[in-house]
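*Asks:* Sequence plus predicted model, see below.
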2 protein chains.
Amino acid sequence: MSQNQTQPTLKIIPLGGLHEIGKNTCIFEYGDEIILLDAGIAFPTEGMHGVNIVLPDMTYLRENRHKIQGMIATHGHEDHIGGIPYHLKQFDIPIIYGPKLAIALLRDKLEEAGLSDRTTLKTVSPREMVRISESFLVEFIRNTHSIADSFTVAIHTPLGVIIHTGDFKIDHTPVDGEYFDLQKLAEHGEKGVLCLLSDSTNAEVPGSTPSERSVYPNLDRIIHQAPGRLLITTFASSVHRVNMILQLAHKHQRKVAVVGRSMLNVIAHARELGYIKCPDDVFISLKAARNLPDEKVLILTTGSQGEPLAALTRISWGAHPHIKIRPGDTVVFSANPIPGNTIAVVNTIDRLMIQGAEVIYGRHQGIHVSGHGAQEEHKLMLALTRPKFFIPVHGEHRMLVKHAQTAQSMGIPAENMVIIDNGDIVQLSPDSIDVIGKVPSGIELVDQAGIVHDHVMQDRQQLAEQGVVTVAAAVSWEGKLMAQPEVHLRGVVTKVERSLLQQLIIRAIERLLSDRWDEFAHTNGNGTQIDWSMVRDEVENTLQRLIRRELRIEPMVVFLLQIPEQEVSDRPVTKTYRRRRSTASVVS
Amino acid sequence: MSQNQTQPTLKIIPLGGLHEIGKNTCIFEYGDEIILLDAGIAFPTEGMHGVNIVLPDMTYLRENRHKIQGMIATHGHEDHIGGIPYHLKQFDIPIIYGPKLAIALLRDKLEEAGLSDRTTLKTVSPREMVRISESFLVEFIRNTHSIADSFTVAIHTPLGVIIHTGDFKIDHTPVDGEYFDLQKLAEHGEKGVLCLLSDSTNAEVPGSTPSERSVYPNLDRIIHQAPGRLLITTFASSVHRVNMILQLAHKHQRKVAVVGRSMLNVIAHARELGYIKCPDDVFISLKAARNLPDEKVLILTTGSQGEPLAALTRISWGAHPHIKIRPGDTVVFSANPIPGNTIAVVNTIDRLMIQGAEVIYGRHQGIHVSGHGAQEEHKLMLALTRPKFFIPVHGEHRMLVKHAQTAQSMGIPAENMVIIDNGDIVQLSPDSIDVIGKVPSGIELVDQAGIVHDHVMQDRQQLAEQGVVTVAAAVSWEGKLMAQPEVHLRGVVTKVERSLLQQLIIRAIERLLSDRWDEFAHTNGNGTQIDWSMVRDEVENTLQRLIRRELRIEPMVVFLLQIPEQEVSDRPVTKTYRRRRSTASVVS
């Protein structure tokens, strides 16, 4: 690909969402101007011990904060707006544009985090154009997705129009009657689109994703047939599904008790904005529901993914304070498990069944459809927009590859597309697309107390696998043990008798001190100099070897050396140490 | 269900395999005689930190070891024979009968564990009958499954015939030409079967599982079309699949390098026993393979489930010493991911693709079929055996329920079947089936050093989630700190400055000691008595509260108290302690 250095170029830098499903975050940069498209979170995978959420590496944005002109939020899903508070903690974003529902949800987030004054939130309407900066004029195009009020955007730049699909399916019979604005896409296709970035989630799936509406008759039948109480779970953010369930409850004269914070929150905002339409008296409190006959009750709950703290999961454990399953109950999973959540979901189903519930679940029931388009929809998007360049986004590697193959089958030359990873810098000119480098693209793991760095994660891994052996010993300035060393095992499995282990440890420390004290201590005109740091290291090494040999395991070994106080006073201990991660006075 | 107390009864007690897929272990007990059917292992689920294998609770067998007459192994899968060495370590099993392949694999296991002299291994042939004890005569009936040489068994008891299917599908075109012995099943059905225990793995799947042979044309095409090196992965124990791959390699003039210990082991035994038929010169060493043109090489490898240590996984990380992926390579996953392994498998696929391999995977390729029968096969089994009583086994709860519904649809009354859990005691008389109680049915977790008990698992969980803070302090008999307390953080995330934390901890300990020393120490005629155990507990509690308040986290807190030696000598420390798990001198 030729590249004319005198031409102005535009950079596209995704920080998240590539080679993964989650934390979608994309930078568009032209000259000194940056705009951001979405800033999402991902959820931890197995082995990310104690981690609650995963964020992209924000180094590049921190370093270029002065360039940031504004942000676009395409829709209100967590993997698109959940990261915004974490960005705002690190740098300013002057203005954030987004659809009404996303902005309403975001406003809550910022209030909760005490960040409301850090940016301006602005809602946009379909076909609205907003100028974020000199180089970026953004046009919002209504699309169809599992959450209501979702947008594809056309970004008008000095080099041409770039279309980012956001998340989409092409649903010709949307539940809310808000059709995909195919005319606007076609218009851009006719005028010329420089580059398309398109959602690849279902790139491996042939055909088309069924309309959300296809779920209606199946849910209708199930709700009609349920003999007693009904519990239905779905994603709180699946506004269309929730709307449908509420309307069906009304139709079948059931009152709805809503359970779970996110479900209550989304319903409140979606009703306020008109995306959910149902009379007030459909809703009932859990308490009031107890006085209704079972066949008049529908409990709408979070927990479709078997999340440990969600209401339905607690119900399945018999641990919910207000809801106990009883025979005659019907539980409906109107959601498929996300890969990674399968075990948690089927275990939840089993527990509900064991308690006597009839559970309706599984792909063959027709009670869930994806919010993302499949191969035929990808083709339609490409056919309407006719882009010169193409970048598959929002997917794991093999999905990006499949999406690229689909695009190639539609006539886009291989050299006009790039399969990229998070952090890649894509440089776009009117005639070329190239990956010209990389910005930092690791992940930041956040637990309840803050960022979890690599070495902490490694420590947690070792602690989880093998536990920790802690030994404390007080050693005098003459190299003698001043007390019986304390030995403490947590999370360790061994067949060695504990008293024997303690004896072995004491003997090993004593032997080391007596054999090698000459190396550790030197006496000269200034008195005795002791290399306490060396003592500490050597004891720790000795203990590690001893435990590996005797217990045949490799737990973390922590050795805490105690040096008597009166001697320390004229020889400040902390200054004589060679600082080393595992031996400094306070270490982590 | 009426139960005639004067009638003799038979007990069936599954210790594993119910409400789960794995560790199949079933007890049949009549009077003073017990026989065992299979003894498998399961693999750890998420959160079982550091655990390698999961075993059933063997308490009941340990307590009734004198009754054990022998064991039947139905086939050679790990979830059916992998637990046998662990049983033999705890009690004797006089004799174990099984098919040739299972016995060959078991012999290796026992040799490796040094247990060869603990039992007699005996191979059986189709239709062979063996009398294990006065009450138990066992008949082996050839069935079809993913491993070669697999049996269904008819257990002749004083109450009648009980059929246990083992693992099965009904494959009318088996790769090895060994047909399911339907005639023998029909004969038992005609004579009368008291009870059927049947494999429920695919009870949720409508229709029939395709024949293993259906995979052949698809693998044939893929092997024919691959332009360069071929890497194929499948379960090592899927003898028919491995056999097919070897024959196709021969057909397409590729030499096969086998990688992975279990793959080498199974192939060696299966060839010895005639279940795999291919000329010696199909095989080649990895080293020799390097000198062949790429299109003449097929690497058959373990790792179809993304197991971290398997060869293909290491290859995907670029970490295998002898095999590096290069463009032109084709990698074939001839296995579906077991739920729970999905993420590991797709990540492996992505890594292989990123390195340049073409990867062929997924349900739509027709390159894998299940080894377990679906609903129509369950119906055929029920139709042929016409049992009076029915127990669905080998499955998670919802599979057992589905299988029971299938049986009900075939005319077996609901009161003639039981859905049971591990440990349930099923009592069978000629006229009744009842669950009459429960034996211990927990799990035993084994890591490399031995059994992992509950409290160790809980410790590992806490360590994994939040890390550990260790504090050591030497306290004099006057209640003064004798050295600067040592503070050590591992796996802990905090925004609090480390030096500040250390100061806070020292101050808190000093304050506690000075404020409350009167409570801890009592002077009388015998000198000073100090309740060191109370000191230790109170300091630990204080530190826990401090860390929770200041760091807003709840890591494990380990406090190690050092008591000066000279005083200890006349007041042995270990005797003055109130023993408590978290504070005793050596604790785990």
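*Replies:* Yes, it's here.

*Asks:* need the strands for the stretch 1-150 of chain A, in chain order.
*Replies:* Per DSSP state E, counting those that start in this stretch, the stretch 1-150 of chain A has strands spanning A:10-16, A:25-30, A:33-39, A:53-56, A:68-72, A:95-98, A:120-123, A:129-131, A:137-143, A:150-157. These are given in chain order.

*Asks:* Next, format these as CSV and append mean neighbour count, distance to chain B and mean pLDDT.
*Replies:* (C-beta placed from N, C-alpha, C; glycine too.) Listed next are the strands of the stretch 1-150 of chain A as CSV, based on neighbours: other Cβ atoms under 10 Å in any protein chain shown; distance: least, Cβ to the nearest Cβ, whole Å; pLDDT from 0 to 100:
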stretch, mean neighbour count, distance to chain B, mean pLDDT
strand A:10-16, 25, 16, 97
strand A:25-30, 24, 20, 98
strand A:33-39, 25, 22, 98
strand A:53-56, 24, 13, 94
strand A:68-72, 23, 25, 98
strand A:95-98, 22, 27, 98
strand A:120-123, 14, 28, 98
strand A:129-131, 13, 37, 98
strand A:137-143, 23, 27, 98
strand A:150-157, 24, 26, 98
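
*Asks:* closest one to residue A:483 among those?
*Replies:* With respect to residue A:483, and counting by Cβ to Cβ, the nearest of the strands of the stretch 1-150 of chain A is strand A:53-56 at 44.7 Å.

*Asks:* Kindly reformat the strands of the stretch 1-150 of chain A as CSV and extend each row with distance to residue B:263.
*Replies:* Rendered in CSV, the data for the strands of the stretch 1-150 of chain A read as follows (distance: least, Cβ to Cβ, whole Å):
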stretch, distance to residue B:263
strand A:10-16, 38
strand A:25-30, 42
strand A:33-39, 45
strand A:53-56, 35
strand A:68-72, 51
strand A:95-98, 53
strand A:120-123, 58
strand A:129-131, 60
strand A:137-143, 48
strand A:150-157, 48
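
*Asks:* how about the ones you listed, which one is nearest residue B:454?
*Replies:* Evaluated with Cβ to Cβ, the strands of the stretch 1-150 of chain A place strand A:53-56 nearest to residue B:454, the distance being 29.7 Å.

*Asks:* Check which helices and strands the closest one sits against.
*Replies:* strand A:10-16, strand A:443-447 (3 or more Cβ pairs under 8 Å, 6 or more residues apart in numbering or on different chains; DSSP states H and E).

*Asks:* Could you please name the strands the shortest one pairs with and the direction of each pair?
*Replies:* According to DSSP bridges, strand A:443-447 forms sheet pairs with strand A:53-56 (antiparallel), strand A:450-452 (antiparallel).

*Asks:* Can you get me a residue count around residue A:455?
*Replies:* One way to gauge burial is a neighbour count; for residue A:455, by other Cβ atoms under 10 Å in any protein chain shown, it gives 12.

*Asks:* what secondary structure does it sit in?
*Replies:* Assigned state for residue A:455: helix (three-state reduction, DSSP: H, G, I helix; E, B strand; the rest coil).

*Asks:* what's the distance between it and residue B:467?
*Replies:* 11 Å (Cβ to Cβ, to the nearest Å).

*Asks:* gap between residue A:560 and residue A:540?
*Replies:* The span separating residue A:560 from residue A:540 equals 10 Å under the rule Cβ to Cβ.

*Asks:* higher neighbour count, the two?
*Replies:* residue A:560 (27 against 18).

*Asks:* Looking at the stretch 51-200 of chain A, which residue is nearest chain B?
*Replies:* Residue nearest to chain B within the stretch 51-200 of chain A: residue A:51 (9.1 Å; Cβ to the nearest Cβ).

*Asks:* so that residue touches residue A:443, yeah?
*Replies:* No. Proximity of residue A:51 to residue A:443 does not meet the contact threshold set by Cβ atoms under 8 Å, at 9.6 Å.

*Asks:* Look at residue A:461 and say how many residues are nearby.
*Replies:* Under the criterion other Cβ under 10 Å, the count of neighbours that residue A:461 has is 17.

*Asks:* Next, it: secondary structure please.
*Replies:* Here residue A:461 is helix, with the state taken from three-state DSSP.

*Asks:* Could you tell me which residues make contact with it?
*Replies:* The contact partners of residue A:461, taken as Cβ atoms under 8 Å, 6 or more residues apart in numbering or on different chains, are A:47, A:49, B:464.

*Asks:* Please tell me how far residue A:287 sits from chain B.
*Replies:* With the distance defined as Cβ to the nearest Cβ, to the nearest Å, residue A:287 ends up 31 Å from chain B.

*Asks:* OK, contacts around residue A:234?
*Replies:* So, once contact is read as Cβ under 8 Å, 6+ apart, residue A:234 ends up touching A:241, A:242, A:245, A:300, A:304, A:334, A:335, A:368.

*Asks:* pLDDT wise, what is the closest residue to residue A:358 other than its chain neighbours at?
*Replies:* The spatially closest residue to residue A:358, leaving aside those adjacent along the chain, is residue A:330, at 4.7 Å (Cβ to Cβ, 6 or more residues apart in numbering or on different chains). Per-residue confidence for residue A:330 comes out at a pLDDT of 98.

*Asks:* For residue A:330, grab phi and psi.
*Replies:* Its backbone dihedrals place residue A:330 at phi -120, psi 130, with angles given as degrees, to the nearest 10.

*Asks:* what about it, distance to residue A:323?
*Replies:* Between residue A:330 and residue A:323 the distance is 14 Å, computed by Cβ to Cβ.

*Asks:* For the residue of the stretch 51-200 of chain A closest to chain B, give me phi and psi.
*Replies:* Backbone torsions for residue A:51, taken as degrees, to the nearest 10, come to phi -90, psi 130.

*Asks:* count of neighbours near it?
*Replies:* Counted by other Cβ under 10 Å, the residues lying close to residue A:51 total 21.

*Asks:* Equivalent analysis for residue A:319, please.
*Replies:* With neighbours defined by other Cβ under 10 Å, the count for residue A:319 comes to 9.

*Asks:* Ignoring the adjacent residues along the chain, who's closest to residue A:393?
*Replies:* If you skip the residues right next to it in sequence, residue A:393 has residue A:197 as its closest partner in space, 4.8 Å away by Cβ to Cβ, 6+ apart.

*Asks:* Surely residue A:562 is in contact with residue A:476?
*Replies:* No. Residue A:562 is beyond contact range of residue A:476, at 9.9 Å (criterion: Cβ under 8 Å).

*Asks:* which of the two has more neighbours?
*Replies:* It is residue A:562, of residue A:562 and residue A:476, that has more neighbours when counted by other Cβ under 10 Å, with 25 against 15.

*Asks:* Got the confidence number for the residue of the stretch 151-300 of chain A found nearest chain B?
*Replies:* Residue of the stretch 151-300 of chain A nearest chain B, by Cβ to the nearest Cβ: residue A:204 (7.3 Å). Residue A:204 carries a pLDDT value of 95.

*Asks:* circling back to that earlier point, pick out the most distant pair among the contacts of residue A:234.
*Replies:* Using Cβ to Cβ, the pair of the contacts of residue A:234 lying farthest apart is A:300 and A:368, separated by 15.0 Å.

*Asks:* circling back to that earlier point, dump the contacts of residue A:234 to TSV, plus distance to chain B and secondary structure.
*Replies:* Below are the contacts of residue A:234 laid out as TSV (distance: Cβ to the nearest Cβ, whole Å; DSSP: H, G, I helix; E, B strand; the rest coil):
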residue	distance to chain B	secondary structure
A:241	23	helix
A:242	26	helix
A:245	23	helix
A:300	23	strand
A:304	16	coil
A:334	17	coil
A:335	16	coil
A:368	16	coil
